[in-house]
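K.L.:
Curious how this folds, go ahead:
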Amino acid sequence: MTVRRGRGFAAVEVVVAVLLVAAAVASWRNGVLDTAFAAQGELPAHDSVRYAGPWLVLAAALVALAGVALVDAVDRILRSRSLRS
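P.N.:
Reported below is the predicted structural model:
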């Protein structure tokens, strides 16, 4: 029974890791803001990028949590294989 439970939890952790990475991508996109300025008089047109720190920190934390979930999933799979042998 523990072998099935370990693999089931591993599958859930992989799904959670994928969702965390998707949330990290969305968070990163919210943290980078592009602004375009039109030319005015003799000033040329230019683009500006503004970084919102809290969104970027959240994205980094979500990627770290996804990594922990994947490492734990691999550990559970390897342990379930060693218990079967």
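K.L.:
From here on, just use CA atoms for contacts and neighbour counts.
P.N.:
Noted.
K.L.:
Could you list the low-pLDDT ranges of this structure?
P.N.:
Residues of the chain that meet the criterion pLDDT under 70 lie in 1-5, 84-85.
K.L.:
for the residue nearest the centre of it, helix, strand, or coil?
P.N.:
Central residue of the chain (CA atoms, centre = their mean): residue 21, 2.6 Å from the mean position. Residue 21 falls in the helix class when you classify it by DSSP: H, G, I helix; E, B strand; the rest coil.
K.L.:
That one reaches residue 67, doesn't it?
P.N.:
No - applying CA atoms under 8 Å, one finds residue 21 not in contact with residue 67, separated by 9.2 Å.
K.L.:
Okay, helices next: where are they in this structure?
P.N.:
2-31, 53-84 (DSSP state H).
K.L.:
Please compute how far the first one lies from its chain's middle.
P.N.:
Right, helix 2-31. With CA atoms, centre = their mean, to the nearest Å as the basis, helix 2-31 stands 9 Å off its chain's centre.
K.L.:
No further questions, thank you.
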